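>>> sequence unknown, structure follows:
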């Protein structure tokens, strides 16, 4: 195997997947920016969840809002539900792992807040239960998925926003999810500050 060619192919595949997704994703990402900005302007907060790489994406997104993205601005209200090991382990021990996010949504979520639910397959049980909990609290849901959206696609309502990456390979979906998260941060800054970033 030629390792240089193999690595080059990874770069090319990633670039092609992103370019192929533009028409599919631009409109739902713009809608998600508007939903999140309205939430923040209304003194709401964004709760974010996911597993594995998607957990890292949830944390990354929350950090960009609480701190800043590319320009100076006041901190914005966002919480990654993936970070408190005591909460996560106590819920999974006392109840079950599928409730680690939903119980936090029940404790922290309020009407007008937004849940950012990330799952490459669209089938993560704990993300599905978090979505249901958010909907019961009159929160809007922005779901980032791939592979056709899985069970999450069936659970979302017209009130929610589905950003479904048109790809089946987990690595490509995750790479596009990261780009989408950066687009969300950039778009929120543009709407809040009225500037081009």
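That came through fine. Predicted model, so just to flag it, every value in this text is computed and none were measured.
>>> how about low-confidence regions in the protein?
Across the chain, the ranges flagged by pLDDT under 70 are 196-197.
>>> what's the single longest helix in it?
Counting by DSSP state H, the longest helix found in the chain is helix 3-41.
>>> what residues sit buried inside that one?
By neighbour count with 16 or more other CB atoms under 10 Å, helix 3-41 contains the buried residues 14, 17-18, 21, 25, 28-29, 32-33, 35-37, 39-40. Heads up, the C-betas are built off the backbone N, CA and C, glycines and all.
>>> list the contacts for the residue nearest to residue 51 when sequence neighbours are not counted?
Leaving out its chain neighbours, the residue that sits closest to residue 51 by CB to CB, 6 or more residues apart in numbering is residue 124, at 5.5 Å. If a contact means CB atoms under 8 Å, 6 or more residues apart in numbering, then residue 124 has 50, 51, 54 as its contacts.
>>> so how far is residue 14 from the closest residue in space to residue 106 that isn't next to it in sequence?
Spatial nearest neighbour of residue 106, excluding adjacent residues (CB to CB, 6+ apart): residue 133 at 5.4 Å. The gap separating residue 133 from residue 14 is 34 Å, by CB to CB, to the nearest Å.
>>> hang on, the residue nearest to residue 106 is in a strand, isn't it?
No: assigned with DSSP: H, G, I helix; E, B strand; the rest coil, residue 133 falls outside any strand and is helix.
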